[in-house]
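# Here is my input, please return the structure:
(2 chains)
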Amino acid sequence: MNGPHDLGGQMGLGPVAPEADEPVFHAEWEKRALGLTLASGALGAWNIDESRHARENRHPVDYLSSSYYEIWTKGLERLLERHGFVSQRDLETGRAVDGAPQPKRVLRAADVPAVLARGGPCDRPVATPPRFKAGDRVLTRNFNPTGHTRLPRYARAKSGVVETVHEGFVFPDSNAHGDGENPQRVYTVVFTGKEIWGEDADPTLTVSIDAWESYLESA
Amino acid sequence: MAHDHEHEHDNEVDPMAARVRALETILTQKGLVDAAAIDAIVETYEHKVGPRNGARVVAKAWSDPAYADWLRQDATAAIGSLGFAGRQGEHMQAAFNTADTHNLVVCTLCSCYPWAVLGLPPVWYKAPPYRSRAVIDPRGVLAEFGLRLPAKTKIRVWDSTAELRYLVVPERPAGTEGWSEERLAGLVTRDSMIGTGVALMPEPA
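Numbering: from 1, shown residues only, chains lettered A, B, ... in the order given. Below is the predicted model:
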């Protein structure tokens, strides 16, 4: 979707404002928000693509005025409601009023180190040979899907060069919506600054994205 | 917004703190979340997994050409050999700075970041100003970090749009010949591994 999260090239959002000696967390609730997000993900009811879409699919005013842990929390509430673990009545009262389905699993403290150490690899075998090879010139597609995609707007309908051919990865555009993993190969594609931003671009700039095969056409 | 009558007097409570507390209450009451598991997750990222991991990788790459080659060819395995793996480090790539090229990592679409080697991302990395400008005005962004690169230095920006996670390997500072890996690691800042900085210079003797 052409949502508020797709920020590459937007202007007027102010300076970066790095913080010296930044703490890992700025408030106690951020710690709980992180832990709740990971522990709820371990219930096994949704995947990382669905959770990304739950975060990005917000009104721009809300998205842009929320801190990232706020966005995570709002996205988590939405996922928990969608999958029946939490009801509107629960959220309104602040306690468990309604029941919940049996989850696939509940993350226990003793299992946390192993679960974090394992992570969630997203690479998958792909039977067909890669359509492109390193050095090929490719054109990114021009599309504007209403659902989840990982092709940023600034990199649509642009000509670039394949730098690296990677293995197959779960395709987020379908996986985010429960339509299957449908793995495709991923390619690192490099664009000149001029191709993306025009004549006034920094002449020393190149930008790369990692693109699933169906985002690309031969140029 | 959940309203907790026990805390009516507590007008100062942060609305997000109340919202997250309510969610934790609901989920623990339903047996869906174990509060001790949250503690263990927080403990991991507050004290165990952070940019010192990445600094060890960089220092080893500076010291050991065979390791640097491995890191170039198969970063996930090379990093895993030091014990750093797992969540948001499953598919690693290393981007080596050179005399000609400076690498900068961003995730314009969300907050993708190599947790296994750098820990949790700083606030600015996840915030709209960095995500919007890193791809169009990297020199302007770097200047805000106090980094001014020569005009002829090429800048390569890596937008983390898929599941590959990038670790920038900064250039080894001059004057560090013969240093141990441990001492070298002390020069490797978090920002130098994102690309918003370079490695520290050694203190004059």
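
# how close does the residue positioned nearest the centre of chain B sit to residue B:55?
The centroid of chain B falls nearest to residue B:118 when counting by CA atoms, centre = their mean (3.6 Å). With distances taken as CB to CB, to the nearest Å, residue B:118 is found 9 Å from residue B:55. Placement of C-beta: from N, CA and C, glycine included.

# Mind listing the shared neighbours of those two?
Residues touching both residue B:118 and residue B:55 by CB atoms under 8 Å, 6 or more residues apart in numbering or on different chains: residue B:193.

# sorry, back to before: could I get the pLDDT score of the residue nearest to the centre of chain B?
Residue B:118 carries a pLDDT value of 98.

# Around residue 160, count how many other residues there are.
Because you didn't say which chain, this covers chain A. Around residue A:160 there are 26 other residues, counting by other CB atoms under 10 Å in any protein chain shown.

# my bad, the chain I had in mind was chain B
Neighbours of residue B:160 under the rule other CB under 10 Å: 23.

# Quick check: the gap between it and chain A.
According to CB to the nearest CB, to the nearest Å, residue B:160 and chain A sit 7 Å apart.

# got any ranges where chain A has weak pLDDT?
In the prediction, chain A carries no residues with pLDDT under 70.

# Nearest residue to the middle of it?
By CA atoms, centre = their mean, chain A has its centre lying nearest to residue A:52, at 4.4 Å.

# wait, isn't that one in contact with residue A:172?
Yes - counting by CB atoms under 8 Å, residue A:172 is a contact partner of residue A:52 at 7.3 Å.

# Mind listing the shared neighbours of those two?
Taking CB under 8 Å, 6+ apart as the criterion, residue A:52 and residue A:172 both touch residue A:148.

# Next, the residue of chain B found nearest chain A: secondary structure please.
Nearest residue of chain B to chain A: residue B:38, at 3.0 Å (CB to the nearest CB). Following DSSP: H, G, I helix; E, B strand; the rest coil, the label given to residue B:38 is helix.

# what's the helix or strand for the closest residue to it other than its chain neighbours?
Using CB to CB, 6 or more residues apart in numbering or on different chains and skipping residues adjacent in sequence, the residue nearest residue B:38 is residue A:35, 3.0 Å away. Element membership for residue A:35 (DSSP states H and E) is helix A:28-41.

# Centre of the chain to that helix, how far?
Relative to its chain's centre, helix A:28-41 lies at 18 Å (CA atoms, centre = their mean, to the nearest Å).

# Go ahead and produce PDB holding the CA coordinates of it.
What follows is helix A:28-41, C-alpha atoms only, in PDB (Å, rounded to 0.1, in the frame of the first residue of the first chain):
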ATOM      1  CA  GLU A  28       9.600   1.100  31.300                       C
ATOM      2  CA  TRP A  29       6.500   0.600  29.000                       C
ATOM      3  CA  GLU A  30       8.800   0.300  26.000                       C
ATOM      4  CA  LYS A  31      10.400  -2.700  27.500                       C
ATOM      5  CA  ARG A  32       7.000  -4.300  28.100                       C
ATOM      6  CA  ALA A  33       5.900  -3.300  24.600                       C
ATOM      7  CA  LEU A  34       8.900  -5.100  23.100                       C
ATOM      8  CA  GLY A  35       8.400  -8.200  25.200                       C
ATOM      9  CA  LEU A  36       4.700  -8.300  24.500                       C
ATOM     10  CA  THR A  37       5.200  -8.000  20.800                       C
ATOM     11  CA  LEU A  38       7.700 -10.800  20.700                       C
ATOM     12  CA  ALA A  39       5.900 -13.100  23.100                       C
ATOM     13  CA  SER A  40       2.600 -12.600  21.200                       C
ATOM     14  CA  GLY A  41       4.300 -13.300  17.900                       C
END
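
# Residue B:131 contacts residue B:112, correct?
No - between residue B:131 and residue B:112 there is no contact under CB under 8 Å: 10.5 Å.
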